[in-house]
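S.K.: Let me see the structure of the following:
(2 chains)
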Amino acid sequence: MTAANNILLELSGVGKRFGGLAALSDVALHIRRGEIYGLIGPNGAGKTTLFNVVTGLYQLDEGTFTFDGIAYSRCKPHVLAQAGIARTFQNIRLFANMSALENVMVGRHLRTRSGIWGALTRNAAARAEERAIEQRARELLRYVGIARPPQTLAKHLSYGEQRRLEIARALATEPKLLALDEPAAGMNATETENLKALLQTIRSDGITVLLIEHDVKLIMGLCDRVAVLDYGKKIAEGVPEEVRRNPAVIAAYLGGEAA
Amino acid sequence: MLGYAMKPLTQPTKFALQPGKRNAWLAFAALAIVLLALPFATDALLGRGWVRIADFALLYIMLALGLNIVVGYAGLLDLGYVAFFAVGAYCYALLGSPQFGLHFPLWAVLPLGALFACVFGVLLGAPTLRLRGDYLAIVTLGFGEIIRIFLNNLNAPFNLTNGPQGINMIDPLRIGGFSFGSTHEFFGITFPSVHLHYYLFLAFTLGVIFVSLRLQDSRIGRAWMAIREDEVAAEAMGINTRNIKLLAFAMGATFGGAAGGLFAGFQGFVSPESFGLTESVMILCMVVLGGMGNIGGVVLGGVLLVLLPEALRNGAGPMQQALFGKTLVDPESLRMLLFGLALIVVMLVRPAGLWPSTQRRRELIAEDGVAQQEQDTVYDSSK
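M.R.: Okay, here's the model as predicted:
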């Protein structure tokens, strides 16, 4: 495989401003196919902003962003989801009053096509599609390890299950890149361990993972490469060991000059 | 790729109602008989005026179910829904009255009215797509008023709507040579016009319920509900929120337009007065009071909100006579007061509506849920 082919997502010179505040400036990074790429940084460093740019929630002000060989500049989130980027949210955003199963079934929306006519007539094609959607959703619930009855409302799931349900919903869109915004936030040690195992399985199934996380232990144990953001700039990138020893990173986290 | 190698799963048990199936059929048959006999029973017990009220109740149920798609499913607060009702009604009135000397048949004019309303639905929907919550409510409110004011003023320079006087002598609903506007006799039974309208409206209402049910459990219905629950997440999951919201507006408006056509044919007269803000609010109340997003609840809301004011109108006078020996308060003014009070009480006691939609889900969970929960407990403790 050629080098260019090997890169799934590439950002160069990306900038995003909110009024006078440069939330991101001149950020360049690339994510290779099949890797778990970590994004860390102190609070307010611009991680979630970068995330929102990549998933189309924010439009970038400067720079370019290429995904799977195609450049996207001003795109709606649903276009990027179609292209193969699926995400979860830092503050869980499930469809709270829908069942766990329905949440995942919504994720199948963009890979299915039956419309009003199919819904009204319930013809053979629509029924078959509906069955496939439901079956796939049930598989995904198992895959992420939600053992509750699939009809349980999303809001009645435990916190850890809600996090995993969000991942299942994202996986239902058949993403090439799964972008997770602090998936381990608020999880206990066991739940984090399970999450780690799940992410490794997802990667081994051929999906590239972009991970924002505060839990440094998780990042270091899981990621192939890590980038560090501070005040909207990328201050380091590399394999976890390297990044951990980087003086600029230590300074950003501990404050003051590097020891 | 991920997952496809997993073992095949058993078929979903969502609709497995085997033990209760016979009972369900019996209940269904009983309901059908009640619905069919209703106009005759009402006529005999309460008088013909109440059959007419039942006809209106069915029209309002259709409207409420249409609005339920916009408000209950897609979560878009629409305070101008009556505008679509007006569009459908005027469409029928203009194409089937001496106003322009046009007398289109029902099968042409009703779909046309629905289509026009649908177009207006998209016209309203398009500029409001970026708006949410309160702001959307204000714009739709304005839209409703604009339509009404247009109808009121479009008698000059060119007399389209006949202004505040409205349009008179509208053709009765007629299928082929069969007119719903006159009395007919079948099998030795006399069917007055109101009874015939009842059956016609009942058929349409059942059609609307059928469409609502089918949409609810479909890919489109799920997308609407996802938007209602969290628009940002829905879009991130690849739902084209613009199109799906427009579709909700269009579907809701279509139902409103069809109901409007039936209304015009039933009344024989339309005027802008019938399409004021209070009507919109009333229809919204039916949806909210009954239980947003739940078809049964919305039907219940429609029935109650049509019947209750009428019952109060007819009952408040005699009741005062019986209690105090004379009429202290004019029943007409008392009725809206009591009605408002009833609404407040219901919303305080049952904020999710009389028959909220989660009820259904709980029932579903109860079936395949209980057993599985037992299993889960065993599984968890063995871990």
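S.K.: Tell me, how many residues neighbour residue B:243?
M.R.: Per other CB atoms under 10 Å in any protein chain shown, the neighbour tally for residue B:243 reads 12. For glycine as for every other residue, the C-beta is placed from the backbone atoms N, C-alpha and C.
S.K.: Next one: it, what pLDDT does it get?
M.R.: With respect to pLDDT, residue B:243 has a value of 91.
S.K.: same deal with residue B:10?
M.R.: 44.
S.K.: Kindly report the same for the one 3 residues further on.
M.R.: Reading off the confidence values, residue B:13 has pLDDT 45.
S.K.: repeat for residue A:68
M.R.: 90.
S.K.: next one: residue B:203
M.R.: Note on residue B:203: pLDDT of 94.
S.K.: the strands in chain B, which residues?
M.R.: With strands called from DSSP state E, chain B shows them at B:96-97, B:102-103, B:174-175, B:178-179, B:184-186, B:189-191.
S.K.: deepest of the ones you listed, which one?
M.R.: strand B:96-97 (a mean of 24; mean count of other CB atoms under 10 Å in any protein chain shown).
S.K.: Mind giving me the packing neighbours of that strand?
M.R.: strand B:102-103 (3 or more CB pairs under 8 Å, 6 or more residues apart in numbering or on different chains; DSSP states H and E).
S.K.: Just checking: what are the partner strands of the strand it packs on?
M.R.: Strand B:102-103 has the following strand partners under DSSP bridges: strand B:96-97 (antiparallel).
S.K.: which residues sit against the partner strand?
M.R.: B:102, B:103, B:104, B:109, B:167, B:168, B:169, B:170, B:171, B:264, B:265 (CB atoms under 8 Å, 6 or more residues apart in numbering or on different chains).
S.K.: let's see 10 Å
M.R.: Here strand B:96-97 makes contact (CB atoms under 10 Å, 6 or more residues apart in numbering or on different chains) with B:102-106, B:108-110, B:113, B:162, B:167-174, B:261, B:264-265, B:268-270.
S.K.: Could you check how far that strand is from the centre of its chain?
M.R.: 25 Å (CA atoms, centre = their mean, to the nearest Å).
S.K.: what does stretch B:301-310 give?
M.R.: 13 Å.
S.K.: Name the residues of that stretch that come out as buried.
M.R.: B:301, B:302, B:303, B:304, B:305, B:306, B:309, B:310 (16 or more other CB atoms under 10 Å in any protein chain shown).
S.K.: Over to the nearest residue to residue A:80 once chain neighbours are set aside: give its phi and psi.
M.R.: Excluding the flanking residues, the one nearest residue A:80 by CB to CB, 6 or more residues apart in numbering or on different chains is residue A:56, at 4.2 Å. Dihedral angles of residue A:56 (phi, psi; degrees, to the nearest 10) stand at phi 90, psi 0.
S.K.: Can you list the residue ranges for helices in the stretch 101-250 of chain A?
M.R.: According to DSSP state H, counting those that start in this stretch, the stretch 101-250 of chain A carries its helices in the segments A:116-121, A:124-143, A:159-171, A:189-204, A:216-222, A:240-245, A:247-254.
S.K.: Tell me which of those helices is the most buried.
M.R.: helix A:159-171 (a mean of 24).
S.K.: can you tell me if that helix touches chain B.
M.R.: Yes. Helix A:159-171 comes into contact with chain B (CB under 10 Å from any CB of the partner chain), by way of A:166, A:169, A:170, A:171.
S.K.: Which one of the residues you listed is nearest to residue B:282?
M.R.: Nearest to residue B:282, judged by CB to CB, of the residues of helix A:159-171 next to chain B is residue A:169 at 38.0 Å.
S.K.: could you list every residue that touches that closest one?
M.R.: Applying CB under 10 Å, 6+ apart to residue A:169 gives the contacts A:86-88, A:93-95, A:100, A:102-108, A:137, A:140-141, A:144, A:154, B:226, B:233, B:236-237.
S.K.: neighbours of the closest residue to it other than its chain neighbours, just the number please.
M.R.: Leaving aside its sequence neighbours, residue A:169 sits nearest to residue A:107 (CB to CB, 6+ apart; 4.3 Å). Other residues near residue A:107 number 29, with proximity taken as other CB under 10 Å.
S.K.: Give me the below-cutoff pLDDT ranges for chain B.
M.R.: B:1-19, B:358-383 (pLDDT under 70).
S.K.: any idea how far chain A is from the residue nearest the centre of it?
M.R.: By CA atoms, centre = their mean, chain B has its centre lying nearest to residue B:64, at 2.2 Å. Going from residue B:64 to chain A by CB to the nearest CB, to the nearest Å gives 20 Å.
S.K.: who's in contact with that residue?
M.R.: Neighbour list for residue B:64: B:71-72, B:81, B:208, B:255, B:259, B:282-290, B:295, B:297-303, B:305-306 [criterion: CB under 10 Å, 6+ apart].
S.K.: Likewise for residue A:21?
M.R.: If you count contacts by CB under 10 Å, 6+ apart, then residue A:21 has A:44, A:46, A:231, A:232 around it.
S.K.: Any chance of the helices of the stretch 101-250 of chain A in TSV with distance to residue B:247 as columns?
M.R.: Shown next, in TSV, are the helices of the stretch 101-250 of chain A (distance: least, CB to CB, whole Å):
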stretch	distance to residue B:247
helix A:116-121	7
helix A:124-143	16
helix A:159-171	22
helix A:189-204	33
helix A:216-222	41
helix A:240-245	47
helix A:247-254	48
